[in-house]
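Peer 1: Prediction below, plus the sequence it came from.
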Amino acid sequence: MHMKSTFRLLLVLSFFGNSFRMMAGNDGFSFGPRSMGTGQITTLFTDVWAAHNNIGSLGWLNRGGVAASFENRYNSSAFNQIAVTAATTPGKFGAFGFGASRFGSDLFNQTRAQIGWAKAFGIASIGIQGQWYQVQASEFPARDHFLLNFGGHAKLTPKVSFAASISHITHTKASDFQNEKLPTIAKAGVSFTPVKSVLLLAEVQKDLDQKALVKAGIEYEIRTNLWIRTGFTTEIQLATGGIAFKWRDLQLDYSISNHPQLGWSNGIGLQMILGKEKTASTGAVKTADPEK
């Protein structure tokens with residue numbers, strides 16, 4: 001890695017201090033441009049990225065599919081993230097989701113791979129996920145961890161949903177140094193659709209050892225199959241935005257965000273919907289979920 005990139009990585013580490021675990025360390029971050037564009041809200045979307053963001057939402061998928069994304073954070077290759085995901089259409093035995101991602105550079109990186117299951121029961125969908133998580137820093141041996149994540153998503157009315165997730169429920173030890181443990185992060189969110197073209201979102205994220213983050217986002221369908229998004233995350237003062245366009249079974253998403261100290265981040269993603277449409281009605285409203 002070039003000296004400039006190394007210096008930038010150390011600067012970010014110094015800025016975040018203890019909270020680097022969650023923010024620069026990629027724990028608690030969202031996956032997919034849609035989540036990033038709406039303030040990093042993760043619990044409430046019922047698209048294929050639920051296999052990464054909230055396994056409990058996967059039970060509300062209308063159709064399965066695959067997706068991939070690339071994100072460059074703070075204009076530094078040290079914080080690049082690439083992720084892929086796939087999910088099946090929910091059936092008699094529920095829906096299955098798969099995902100993999102890599103964050104960072106040769107100096108410091110995190111690799112994840114997971115498989116999860118979710119199923120809707122009445123107004124609620126619940127899911128559980130197993131994850132392999134590897135952390136590697138330059139000149140240090142890689143550390144492998146096996147984690148469990150849990151999530152749920154309830155459709156309280158046709159216009160209001162509540163969702164929650166908790167990651168690393170095993171509170172796995174990260175290292176022997178000071179008995180450090182991987183962060184356990186709980187999230188809970190509410191969505192409201194006042195009219196067909198507008199989706200309002202709010203979410204609270206809490207690392208058990210850090211201050212809570214409050215997130216808010218809006219998604220607006222300005223015309224058929226064309227959406228714009230914006231959002232904000234407190235504590236880290238992160239402002240976000242994005243746009244999405246769907247053509248047949250393909251959807252292209254772009255997100256942008258700005259941190260007041262660290263600068264701009266950009267993300268792009270592509271989704272392809274596969275399989276037959278689920279016949280049972282879920283009562284879901286029309287949003288930018290490409291399977292709807």
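Peer 2: Received the coordinates, thanks.

Peer 1: now A78, what's its secondary structure?
Peer 2: Secondary structure of A78, reduced to three states by DSSP: H, G, I helix; E, B strand; the rest coil: helix.

Peer 1: and the gap between it and F103?
Peer 2: 10 Å (Cβ to Cβ, to the nearest Å). C-beta coordinates here come from the backbone N, C-alpha and C atoms, glycine included.

Peer 1: Mind telling me what element the closest residue to S69 other than its chain neighbours is part of?
Peer 2: Distances taken as Cβ to Cβ, 6 or more residues apart in numbering place G269 nearest to S69, at 3.5 Å, with adjacent residues excluded. Secondary structure assigned from DSSP states H and E places G269 in strand 263-274.

Peer 1: for the protein, what spans make up the helices?
Peer 2: Secondary structure of the chain by DSSP state H: the helices cover 3-16, 33-37, 50-53.

Peer 1: If I268 is in a bridge, with which residues?
Peer 2: Beta-bridge pairing of I268, defined through DSSP bridges, involves F70, Y254.

Peer 1: so it touches P33, yeah?
Peer 2: Yes. With contact defined as Cβ atoms under 8 Å, I268 and P33 form a contacting pair (6.3 Å).

Peer 1: what number of residues lie near E221?
Peer 2: 18 (other Cβ atoms under 10 Å).

Peer 1: now do A113
Peer 2: Applying other Cβ under 10 Å, we find 15 residues neighbouring A113.

Peer 1: how close does it sit to T38?
Peer 2: Going from A113 to T38 by Cβ to Cβ gives 26 Å.

Peer 1: out of I268 and P33, which sits in the busier spot?
Peer 2: Ranked by neighbour count (other Cβ under 10 Å), I268 and P33 place P33 first, with 30 against 15.

Peer 1: thinking again about what came up before, between I268 and P33, what contacts are shared?
Peer 2: With contacts taken as Cβ atoms under 8 Å, 6 or more residues apart in numbering, the residues that reach both I268 and P33 are 69, 71, 253-255.

Peer 1: For D47, state which of those residues is nearest.
Peer 2: D47 lies nearest to D253 out of the shared contacts of I268 and P33, by Cβ to Cβ, at 9.8 Å.

Peer 1: these two touch, right, that closest one and F31?
Peer 2: No. Counting by Cβ under 8 Å, F31 is not a contact partner of D253; they are 11.7 Å apart.

Peer 1: Now do the shared contacts for the two.
Peer 2: With contacts taken as Cβ under 8 Å, 6+ apart, D253 and F31 have S69 as neighbours in common.

Peer 1: in the sheet, who's paired with F245?
Peer 2: Beta-bridge partners of F245, counted by DSSP bridges, are L226, L252.

Peer 1: got the contact list for it?
Peer 2: Per Cβ under 8 Å, 6+ apart, neighbours of F245: 225-227, 251-252.

Peer 1: show me where pLDDT drops low in the stretch 151-292 of the chain?
Peer 2: 171-180, 278-292 (pLDDT under 70).
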